[in-house]
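Enquirer: quick one, what's the 3D model for this:
(one chain, ligands or ions: 1)
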Amino acid sequence: MDLGIIRTSSGIDNEEKNREEAMKRKVTETIVTTYCELCEQNFSSSKMLLLHRNKVHNTAYIECHLCLKLFTRTIQFNRHMKTHYGPNAMSHVKCELCERQFKDKESLKTHWEVSHVEDEEMDTEDVEPKPEAKIGENGLNKDRELFKVLGKQEMKNLEALKVTSSWVQHATTFSATIDSSTSQSLSKIDIPDFLTVPDTISTWFPVQYSVLPALFKDIQAPPPLRPRDVAIAAPTGSGKTICYVLPVLAAVGSRPSNSLHAVILVPVQTLVTQIVEEFRRWNGPEGTAKVVSLSGANDFDKEQRQLSADPPNVIVATPARLVQHLTAQIPPPIDLSKLRFLIVDEADRMGKLMREEWLDLVEFLCGGMERVACLNDVIRQRRAPQKIVLSATLSKDVEELHLWNLFKPKLFSATATKAKDITSTVPMDHISGRLALPSSISHRLIVSDSKFHPLAVYQQIQRNKFNRTLIFVNEVSSSNRLAHVLKELSQGEFEVDYFTAQLFGKRRYKMLEKFNKNPNRVLICSDVLARGTDLNRVDCVINYNLPADDKLFVHRAGRTGRAGQEGYVISVGDKETKRLFVKMLKVTNLWGDTVEEQMDEYLFEKDLERYTKAIESLKTIVSTNTKTKNGSAAKRSGFEAKRKSRPNARGEKPWLKKKTTTTE
Ligand SMILES: Nc1ncnc2c1ncn2[C@@H]1O[C@H](COP(=O)(O)OP(=O)(O)OP(=O)(O)O)[C@@H](O)[C@H]1O
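Expert: Residues are numbered from 1 along each chain as shown. Sure thing, here's the model as predicted:
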């Protein structure tokens, strides 16, 4: 026996021990990043999860044959191929057995040898004909319920399964339509007597009547462990804001302590001011709860001083500004350890990177809200804040919902609106099972030559005598030009303003206040106002440029027809844009009730003269602007030359120094 390899039993044991310790270390080190909603198993990477889902739950995935990345949805795979491998990336050779794509015949040949050759050998056996797929009692293909026997490779086309979380399927539903039959009287819900009901509120809307009792119950009789998180999916303008304003004020109470009770996060500044206003409406003039807004509209240092001098009970903020305050100084001036509510309005607008950008930090400062894996976690996190996420287009996608790390979530979802029922064949990608416009909104598409679009918009406003009109454009430049042409055409019939993200601070609110207070207004804006903004009685929303997707169409349209009032949406386009528009809206049947109106050239004749004058004056303005821009550039260079000609701080004129020639 070679002495070199004599190993005492202890030697073997040590090795075993080291190996076990290494395994334990590896297991503990693997950070659980994701888990399977269906069998609650944890996985160290989304790729492992996808493979598990494909193997155990038969959900399909598509693998990019070039970078081997996995996708659960074809649309993601196509987008990946187009962005990474060019527009014709998809036109590759396809393996007819497993339908995988390969960039050329060579790679297909190697793939075939690797993964199908043994099949051919196996095929030489006389394989009995495949039995008819037996359908189980739950309507699933019984074959698919059987696990594959190890060592038996069967490449078969897997059907994509729509994986929906159980809590999404068992939602508490309410009517999406707001009228006298679905609203409830105020006496049906007991609200704390220190809250003042605004005069405009006379009944509870369906979403409020469905959500408020559940949240008030968790406040009046707190459960032994943390209360269940809540998700709310209701159409635009259905009164979702009050669903969290009242519970937060009730939790703060009539004699508030100095601790922070609630943080409300919204995607844009305009919403911060609007929600603080809603708190003030219910909080009454004395205002027991101290509500503070943190956003780019205020000065950062002033906000910091206010937070340290007078700690608030409620913070309404944009995520970026909140993180700025939480990381500006250690310890942060905001104490999240006693938070009762963490609320995110327009949740689907926060984007996929929100967990990296702010959610992890906020959860860490709330005392840790890691994914609950056992009872010990539940007990340790019993003081964690209750999360409430809301949106009119909350996504149903399991991965997106998974990002919120909701604790035993309860979903409150609107049922289909009367006018927009959708057949079951339409892919339901949104929580409420459908993208829906409030039934009080009607949509009209004006098809005309693109050079007459401003004139078509003017004629629609003039013909329908809209009192307040919101016009959405996609570029800032078109808002200025459209505003100029409409001013020239209207000649004082109505006021035209334009609102873009370039407007800062108080000017935004002054513009909105002017629009809210005065009649006969037209406000041209970008999508910064598309979500959540609650403007006073907007009669009509005009899509001068098409929205980027169906969700944005719903949010833009939701600026009108709020609280059950009547609203009109007009989209302006030419034949090409109509084709794109129909394609975008047909999938979720938002195109269902659209009325199409063809505006031919003869309809514009009566205003053609004024229109050409308006275009001429616009051209002169644009050309003068470009001249001034060049001029200022020239001036700037002239200014540069003058600046250089002046003596420097030491009174020297370095440019006069003669170049000293070195003589050897
Ligand atoms: N019970 C009620 N009775 C009368 N008006 C109400 C009631 N609840 C809300 N409103 C009014 O309805 C309008 C829309 O409310 P809110 O902004 O909360 O809707 P929302 O669902 O948040 O809309 P969005 O999805 O666009 O954010 C507001 O002007 C609000 O004052």
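Enquirer: give me the phi and psi for the residue nearest the centre of the chain.
Expert: The geometric centre of the chain, computed from its C-alpha atoms, lies nearest to residue 349 (Cα atoms, centre = their mean), at 1.8 Å. When quoted as degrees, to the nearest 10, the phi and psi of residue 349 stand at phi -90, psi -10.
Enquirer: next: the one 4 residues further on.
Expert: Torsion angles at residue 353 (phi, psi; degrees, to the nearest 10) stand at phi -100, psi 10.
Enquirer: distance of it relative to residue 319?
Expert: Distance, residue 353 to residue 319, by Cβ to Cβ, to the nearest Å: 10 Å. (Each C-beta comes from the backbone N, C-alpha and C, glycine too.)
Enquirer: likewise residue 567?
Expert: Distance, residue 567 to residue 319, by Cβ to Cβ: 30 Å.
Enquirer: between those two, who's got more neighbours?
Expert: residue 567 (24 against 19; other Cβ atoms under 10 Å).
Enquirer: local confidence estimate at the more buried one?
Expert: In this prediction, residue 567 carries a pLDDT score of 93.
Enquirer: now swap in residue 227 and tell me
Expert: 92.
Enquirer: same question for residue 257.
Expert: pLDDT recorded at residue 257 is 87.
Enquirer: report the spatially nearest residue to it, omitting neighbours in sequence.
Expert: Among residues not flanking residue 257 along the chain, residue 313 sits closest, at 7.9 Å (Cβ to Cβ, 6 or more residues apart in numbering).
Enquirer: residue 259 is in contact with that neighbour, correct?
Expert: Yes. Assessed by Cβ atoms under 8 Å, residue 313 is found in contact with residue 259 at 7.4 Å.
Enquirer: for the residue nearest to residue 257, give me its contacts.
Expert: Each residue near residue 313 by Cβ atoms under 8 Å, 6 or more residues apart in numbering is listed here: 252, 256-257, 259-262, 289-291.
Enquirer: mind listing which of the residues you listed are in strands?
Expert: 262, 291 (DSSP state E).
Enquirer: adding neighbour count and distance to residue 599, write the contacts of residue 313 out as CSV.
Expert: Below are the contacts of residue 313 laid out as CSV (neighbours: other Cβ atoms under 10 Å; distance: Cβ to Cβ, whole Å):
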residue, neighbour count, distance to residue 599
252, 26, 54
256, 16, 58
257, 11, 62
259, 15, 60
260, 23, 55
261, 22, 54
262, 27, 50
289, 24, 52
290, 18, 54
291, 23, 48
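Enquirer: dump the contacts of residue 313 into JSON lines; add distance to the ligand as well.
Expert: As requested, the contacts of residue 313 are exported to JSON lines (distance: Cβ to the nearest ligand atom, whole Å):
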{"residue": "252", "distance to the ligand": "19"}
{"residue": "256", "distance to the ligand": "23"}
{"residue": "257", "distance to the ligand": "28"}
{"residue": "259", "distance to the ligand": "27"}
{"residue": "260", "distance to the ligand": "23"}
{"residue": "261", "distance to the ligand": "20"}
{"residue": "262", "distance to the ligand": "16"}
{"residue": "289", "distance to the ligand": "18"}
{"residue": "290", "distance to the ligand": "22"}
{"residue": "291", "distance to the ligand": "16"}
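Enquirer: tell me the one of the contacts of residue 313 nearest residue 45?
Expert: residue 262 (35.0 Å; Cβ to Cβ).
Enquirer: what's the closest residue to the closest one other than its chain neighbours sitting at in phi/psi?
Expert: In space, and not counting its chain neighbours, residue 262 is closest to residue 341: 3.9 Å by Cβ to Cβ, 6+ apart. Note on residue 341: its backbone torsions stand at phi -130, psi 140 [degrees, to the nearest 10].
Enquirer: residue 341 and residue 556: what is the separation?
Expert: 29 Å.
Enquirer: the stretch 201-350 of the chain: helices as residue ranges?
Expert: Along the stretch 201-350 of the chain, counting by DSSP state H, counting those that start in this stretch, helices occupy 206-220, 242-252, 269-283, 300-309, 319-328.
Enquirer: deepest-packed of these, please.
Expert: When the helices of the stretch 201-350 of the chain are scored by mean count of other Cβ atoms under 10 Å, the highest mean neighbour count falls to helix 242-252 (a mean of 24).
Enquirer: can you give the contact residues for it?
Expert: Under the contact criterion Cβ under 8 Å, 6+ apart, helix 242-252 has outside partners 191-192, 195, 201, 207-208, 211-212, 215-216, 219, 232, 261-262, 264, 275, 278-279, 282-283, 288-289, 313-314, 340-341, 343, 345, 388, 390.
Enquirer: how about stretch 375-386?
Expert: Contacts of stretch 375-386 (Cβ under 8 Å, 6+ apart): 218, 224-230, 263, 336, 338-342, 366-372, 407.
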